[in-house]
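In: sequence first, then the predicted structure:
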Amino acid sequence: MAGFSVGGIFMGKAAGNRWAVLGTVAIMSFMSTLNGSTVNVAMPSIQRELGVAMDSVQLVSTAYLFVMCAVMPVVGALGDRLGKVRFFEAGVLVFTVGSLLCGLTQGLVPLIAARAVQAVGAGFALATNMGIVTEAFPSDERGRALGVVATAVSLGLMCGPTVGGFVVTTAGWHWVFPMSVPFGVLCLVLGRMTLPDDAPAPSDRPFDTPGAVLVAAAVLALTSGLTFVTTHPSPATVALLACGALLLCAFVVRERRCADPLICLDSFRNPAFDVNLATMFASFLAVGMSEYIVPFYLQDARGLDAAAAGLAIMVMPVVSGILGPVAGALSDRVGCGRPTAVGLTVYAAGLAAVAFLGLSTPLWLVVCVLGLASVGVGLFQAPNNSLVMGSVDEGQLGFASSIAALFRTLGMALGVTFGSAVLYGAMGRAAGAPQTSFEAAHPEWFMAGFQAVFWVFAALVAAGAVLTWAVVARDPAQERPGERP
């Protein structure tokens, strides 16, 4: 199994400041998730004020996703060659400028363009953040450090709906975006003070420009095609998916024949690396689905107002955020394999328990069941991140960080797409006719879809748990990923 030494540039220059390095990275992680969750709250206001259709205003979110996913693999490879810190700092700067531009726009097209600028910055920073943390911390502290990053993400998700709703109500949707500017400035200042220069020695290795173009185009086509396949099924969508698949095949052929490839495909020959990435993707599919569908259950099916539903939903990021550092510290003590497997098992059980919720289930029990699922997420994320980052050599940390960020982002987005498809399909079967919205006269139709989607995703996560127990938890090398014997 590949590993890496922790005696590199970071440990030489920043050993005493590694917690400050972690704080800088955590601020950016918090800022990016806070921005995403507040923008979702602002969507109805943006639609009304700009006078555009719902499918048009969705481009404010989807354009951000497409651009961010396209730049991540390329930036990861560039970070390994030119230094992850400089791309992280550039990403924070571009994201901050993009946030300011979003707040100044007056129309839909300029707003989408400004969101694309934001996405470039987010892609730069999120593709390199875990590589920076991994390089800064020794293996016996890495789980705790990555748990802190997971907590920062949970805090952003937790605060976003509340803060976003308050800002939209009191100041208007334009102010949702500039909220990120102070955090960006703080992150830039701390970064200049704490992040060391990790640029490698100059190299004559040529950059694989054709490979970079192919992988960016492939990810862009596949991401957009998979996002639109259920909402806008058409020959054009199918053609987009086919084009993405062909581009991805061309990229693989190119990388296998290239003397100095952009991405070392040999990493994917490590079964543990593949399983850890696959389970990361599956878990974030379920997280994205839950964050989208549970509010409809609470507000439409159960009749709660937005404030009460928000309080009930808050249990999910609170529990996972609290458990992040705990799970990280536990994995530093007992290894990463078993906590990862236990976390996925608990998460699958929690999702199955959600499927048993009904229209008259006591609200306290609903909160407890959602909390159970979140316990699984909290136990899983930090050790899973450690396993992914510890599966590659030191020179490929940027690659691993970017691939992990890509899988998380795609999982969250496609969880909504696939979850909606399962939901609407089961609702249609219950109603005897196609259904794409909640019918107040027949809440049982929605509940049929709600229960079906949670059973499907519980089975998906359970399959990931079985794989983890079989491949990862039994491998002694997975107990201390990244250590050399």
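Out: Structure's in. What do you need? Note that the structure is predicted; figures quoted are calculated from it, not measured. Numbers count the residues shown, from 1 in each chain.

In: so where is this structure shaky, pLDDT-wise?
Out: In the prediction, the chain carries residues with pLDDT under 70 at positions 1-16, 53-55, 198-204, 230-231, 306, 436, 473-485.

In: in it, which spans are strands?
Out: Along the chain, no segments are classed as strands by DSSP state E.

In: may I ask you to name the longest helix in it?
Out: Among the segments of the chain that qualify as a helix by DSSP state H, the longest is helix 397-431.

In: buried stuff in it?
Out: 397-420, 422-428, 430-431 (16 or more other Cβ atoms under 10 Å). Backbone N, C-alpha and C define where each C-beta goes, glycine included.

In: same question, stretch 19-30
Out: Residues of stretch 19-30 classed as buried: 20-30 (neighbour count, 16+ other Cβ under 10 Å).

In: residue contacts, P383?
Out: 143, 327-328, 330-331, 336-337, 339-340, 343 (Cβ atoms under 8 Å, 6 or more residues apart in numbering).

In: between those, which is closest to C243?
Out: Proximity of the contacts of P383 to C243 was ranked by Cβ to Cβ; the top entry is T340 with 35.4 Å.

In: give me the distance between the closest one and M280.
Out: From T340 across to M280, the span is 10 Å (Cβ to Cβ, to the nearest Å).

In: with V294 instead?
Out: Remark: distance between V294 and M280 (Cβ to Cβ) = 21 Å.

In: just A218 next, same as before
Out: Look at A218 and M280: by Cβ to Cβ, they are 20 Å apart.

In: and if you look at V213?
Out: Separation of V213 from M280 (Cβ to Cβ): 26 Å.

In: which of these two has more neighbours?
Out: Neighbours were counted for V213 and for M280 using other Cβ atoms under 10 Å; M280 has more, 23 against 15.

In: and that one, what is it in contact with?
Out: If a contact means Cβ under 8 Å, 6+ apart, then M280 has 384-385, 388, 404, 407-408, 411 as its contacts.

In: hmm, try it at 10 Å
Out: Contacts here follow Cβ atoms under 10 Å, 6 or more residues apart in numbering; on that basis M280 touches 340, 380-381, 384-385, 387-388, 403-404, 407-408, 411, 464.

In: what is the nearest of those residues to P235?
Out: Using Cβ to Cβ, G411 comes nearest to P235 of these, at 27.2 Å.

In: ok, and the closest non-adjacent residue to that closest one?
Out: Across the structure, with Cβ to Cβ, 6 or more residues apart in numbering as the measure, the residue nearest G411 apart from its sequence neighbours is F284 (2.8 Å).

In: same thing with A77?
Out: With Cβ to Cβ, 6+ apart as the measure, L262 is the residue that lies nearest to A77, at 4.8 Å, once sequence neighbours are left out.

In: report the contact partners of that neighbour.
Out: Residues near L262 by Cβ under 10 Å, 6+ apart: 73-74, 76-78, 80-81, 207-215, 251, 254-255, 399.

In: put the buried members of those residues into a ChimeraX selection.
Out: To isolate the buried members of the contacts of L262 in ChimeraX, using 16+ other Cβ under 10 Å:
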select :73,74,76,77,78,80,81,208,211,212,214,215,251,254,255,399
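
In: re earlier: most widely separated two among the contacts of P383?
Out: G328 and G337 (14.2 Å).

In: if we can go back for a sec, helices - which of the buried residues of stretch 19-30 land there?
Out: With helices identified by DSSP H, the entries of the buried residues of stretch 19-30 that belong to them are 20-30.

In: what residues does the residue nearest to G376 when sequence neighbours are not counted make contact with?
Out: Nearest residue to G376, sequence neighbours excluded (Cβ to Cβ, 6+ apart): Y347, at 2.7 Å. Shown here is Y347, whose contacts under the criterion Cβ under 10 Å, 6+ apart are 279, 282-283, 286-287, 320, 372-380, 457-458, 461-462, 464-465.

In: pull out the buried members of those.
Out: Buried members of the contacts of Y347, counted by 16+ other Cβ under 10 Å: 279, 282-283, 286-287, 320, 372-380, 457-458, 461-462, 464-465.
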